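Asks: sequence first, predicted model second:
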Amino acid sequence: MKIKHWIREHAAILGVMALAAVLNFARLGQEGYGNAYYAAAVKSMLIDMGNFFFVAFDPGGFITVDKPPIGFWLQGLSASLFGFSGFSILLPQALAGVISVGLVYRLVQRYWGKMAGLLAALFQALTPIAVATSRNNTIDSLLVMVLLLAAWFLVLAVEKPQSKWLYVSLLFVGIGYNIKTLEAFMVLPAFYGVYLLAAPLKVRQKLANLATATALLLVVSLSWSVAVDLTPESERPYVGSSETNSELDLAFGYNGLFHFLGIGITVPGVNGEGQQAMMPSGNNPSSPDNDPALSPEGDDSLAGDQNPPDGAPPQSGPGKGGSMFAHETGDPGVFRLFNSQLGGQISWLLPLALFGMGAAAIVKADDPLRTNRRLQSVIFWAAWLVPQVIFFSVAVDYHRYYLVMMAPAVAALAGIGLVAFSAAYRSGGAVGWLLPVALAVNLAVECQLLKQTGDWGHNILITTLIVGTAGVAILIAYLLRNSITPTRVLSPVMVMAIMALLAGPAAYAATPILYGGESVLVHAGPELNRDKLFSNGNDPGGPPRDHQGGDQAKLEQFLLSHIQNEKNILAVASANEASQIILDTGKSVMAVGGFMGFEKIVDAQELAQMAQAGELRYFLVSSQLCMSQPELYQWITTHGKIVDAELWQDTAPQLHGPNGHTNQLYDLKS
């Protein structure tokens, strides 16, 4: 009976979480391995415990991926339990997305009631970028879940004068750092600010507790990075995407300052140094609009190069204003979050959330801030949201799926705002106008976002405009009559308004299910359908996809039948070229230039020593190596022997890069 009562009492939130589960799990199998770069790392991690600890990209432990370990450890644990597959490595993220919906509900409901919590949970579930990241093996959804757990323990630390809850809270933030490094620290203004304002302790004690908790945070955050950096370089993989073979350098350089200021890595042809990285985007097989290899399975080993999974610039060069992600995020500016690239991912309810911060002004101030839990809640979510709005509006380089960090605060403040403004509306007076004004502004923004989608969103736009305008008009009409709107009228009007608000984001959130998600540059929206048009082998930017797959299969068969005791069955310029071969064979493939192919990890002499020692026999030379590692290219083409293309290719050689360079397989055995 108790279980039945609990289910009945929680039926609504269970229903919202079930909706999130459908969005996150429906047709998940179509996503394949998701991002092949990270999937290959998980497969490599399962082969060797050293690979597991260091998060090695390749089974031979030559180089690491560009992120800390915990997210991939969870994927590895899932793959160990259920067998290595696309589903098993996507499972942790999909579950994290559902759990995050429940945590948002609990955090908002605790102080603002069940309705506010349900609305916030529903908004979180239908946030398009949250759905997209939950269906991919990028680890951002895991980060959001961990930070929401940290927020829950912060609530306990504020409510109870026990420092242990503060320590646990920042310990979880430290775990978040070991998922996505400095991205986890974006919530710290909210955590520190609310604890200082609201914890029922003397200021001196709060400062002391924060000092101790901060020390714990730093120890937890940096422990793995320091352990890796203290390991002799000869006994561990090279730290991929770092400048100095250091995890700390990676965290604060490539994964830190690079995203703030666009500095921290040197990419030839992109950072203003070296050669042009790729051909102009119109002829670039790696262009996000042209690359047939940007598919769920990442079948790209013979296609040259592809766009980076995280943090690396598109290889067609910088965009306007120096941003190397202009095609993905648009140019920095005040209204950047409402442009065609970002608006549909996160900003459907952003105006309502910003209005929701005004709920702090109409909360009854009978209690001081120290005990006014509703006011504390608004301050917390505002301190979570505002710094991120500023960051994502002005930051030089980031991927749009980072925007999922904003989702909990947007959802929470939008839910709080609707409930607070509805109560103010019932009371009448000037504050009653907050509800229709907030709805009208948000409605206008949503209509603009839908207008940007062209024909795809036309019917949704008309429906949203009609239903939303009708609801706002009814609310205004009662205000003008100076009469209190009856509950029997207000309730259906609010349902109308919420339906209008959710039409756009719900349609966007469904697109990864309908069209299949983007495996590398994760996002939601109608452009997913356009992107899939280039996966059928008709893309003029590269060879037919089925031929590429056939070539890769023949290459893999050749390598497996000709290797003897070599540690690595192949070497290539970049991890993009190696990922699918590792996934298919489980054998080690060296990416001598790191993820993008531009890292100077080995020189010609070291490569010669590896070939002589029998650690490596074959090298697949592409335009990437020709442009980014000319010394290695010179040594390989001088000392290696070209393998007859008919032995490892079914199709005629395809042109890649400048000077008509083609992929060539070289035998380095002397």
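Replies: It's in.

Asks: what about Ala184, how many neighbours?
Replies: By other Cβ atoms under 10 Å, 25 other residues sit near Ala184. Heads up, the C-betas are built off the backbone N, CA and C, glycines and all.

Asks: need the contact list for the residue lying closest to it once chain neighbours are set aside.
Replies: Setting aside the residues directly before and after it, Ala184 is nearest to Gly176 in space (Cβ to Cβ, 6 or more residues apart in numbering), at 3.3 Å. Neighbouring residues of Gly176 by Cβ atoms under 8 Å, 6 or more residues apart in numbering: Leu143, Val146, Leu147, Ala150, Glu183, Ala184.

Asks: domain ranges for the chain?
Replies: 2-31+66-226+326-515, 545-667 (automatic domain parsing).

Asks: any chance of those domains in TSV, plus mean pLDDT and distance to Glu527?
Replies: Output for these, formatted as TSV (pLDDT from 0 to 100; distance: least, Cβ to Cβ, whole Å):
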stretch	mean pLDDT	distance to Glu527
domain 2-31+66-226+326-515	94	9
domain 545-667	87	19
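
Asks: figure out which of those domains is closest to Gly525.
Replies: With Cβ to Cβ as the criterion, Gly525 lies closest to domain 2-31+66-226+326-515 of the domains of the chain, at 4.8 Å.

Asks: end to end on that closest one, go ahead and measure it.
Replies: Its start and end residues considered, domain 2-31+66-226+326-515 measures 42 Å (Cα to Cα, to the nearest Å).

Asks: quick one: the residue lying closest to Ala251 once chain neighbours are set aside from Val396, how far?
Replies: For Ala251, ignoring the flanking residues on the chain, the nearest one in space by Cβ to Cβ, 6+ apart is Thr181 at 4.4 Å. Distance, Thr181 to Val396, by Cβ to Cβ, to the nearest Å: 17 Å.

Asks: so the two - more neighbours on which side?
Replies: Thr181 (24 against 21).

Asks: would you check that that one makes contact with Tyr254?
Replies: No: between Thr181 and Tyr254 there is no contact under Cβ atoms under 8 Å: 9.5 Å.

Asks: give me the pLDDT for Pro318.
Replies: With respect to pLDDT, Pro318 has a value of 38.

Asks: can you pull up the most central residue in the chain?
Replies: Tyr401 (3.9 Å; Cα atoms, centre = their mean).

Asks: doesn't it fall inside a helix?
Replies: Yes: the assignment for Tyr401 (DSSP: H, G, I helix; E, B strand; the rest coil) places it in a helix.

Asks: from Tyr38, how far off is the nearest residue to it once chain neighbours are set aside?
Replies: Of all residues not flanking Tyr401 in the chain, Val522 sits nearest, at 4.1 Å (Cβ to Cβ, 6+ apart). Taking Cβ to Cβ as the measure, Val522 falls 11 Å from Tyr38.

Asks: intersection of neighbour lists for the two?
Replies: Both Val522 and Tyr38 are contacted by Thr138, under the criterion Cβ under 8 Å, 6+ apart.

Asks: after the helix or strand Leu620 falls within, next one along is what?
Replies: Per DSSP states H and E: Leu620 is located in strand 618-621. Per DSSP H and E, the first helix or strand lying C-terminal to strand 618-621 is helix 623-628.

Asks: next SSE after that next one?
Replies: Moving toward the C-terminus from helix 623-628, the next helix or strand (DSSP H and E) is helix 630-639.

Asks: can you list contacts of whatever helix or strand comes next after that following helix?
Replies: Under the assignment DSSP H and E, the closest C-terminal helix or strand after helix 630-639 is strand 641-642. Contacts to strand 641-642, defined as Cβ under 8 Å, 6+ apart, come from residues Gln664, Leu665, Tyr666, Asp667.

Asks: all strands for the chain, in order.
Replies: 570-572, 589-591, 618-621, 641-642, 664-667 (DSSP state E).

Asks: out of those strands, which gets nearest to Thr231?
Replies: That would be strand 589-591 among those, by Cβ to Cβ, at 19.8 Å.

Asks: now do the nearest residue to Leu528 once chain neighbours are set aside against Ile601, distance only.
Replies: Nearest non-adjacent residue to Leu528, counting by Cβ to Cβ, 6+ apart: Tyr515, 4.1 Å away. For Tyr515, the distance to Ile601 equals 37 Å [Cβ to Cβ].

Asks: now do Gly83
Replies: Using Cβ to Cβ, one gets 32 Å for the distance from Gly83 to Ile601.

Asks: and what of Leu143?
Replies: As judged by Cβ to Cβ, Leu143 and Ile601 stand 28 Å apart.

Asks: in terms of neighbours, single out the busier of those two.
Replies: Comparing Leu143 with Ile601 by other Cβ under 10 Å, the one with more neighbours is Leu143, at 29 against 18.

Asks: tell me who's in contact with that one.
Replies: If you count contacts by Cβ under 8 Å, 6+ apart, Leu143 has them with Gly71, Gly176, Ile179, Lys180, Glu183, Ala184, Met405.

Asks: how does it look with 10 Å?
Replies: Leu143 makes contacts with 70-71, 96, 100, 133, 175-181, 183-184, 186-187, 402, 404-405, as judged by Cβ atoms under 10 Å, 6 or more residues apart in numbering.

Asks: pull the contacting residues for Thr638.
Replies: Thr638 neighbours (Cβ under 10 Å, 6+ apart): Ala604.

Asks: separation between it and Ala611?
Replies: 13 Å.
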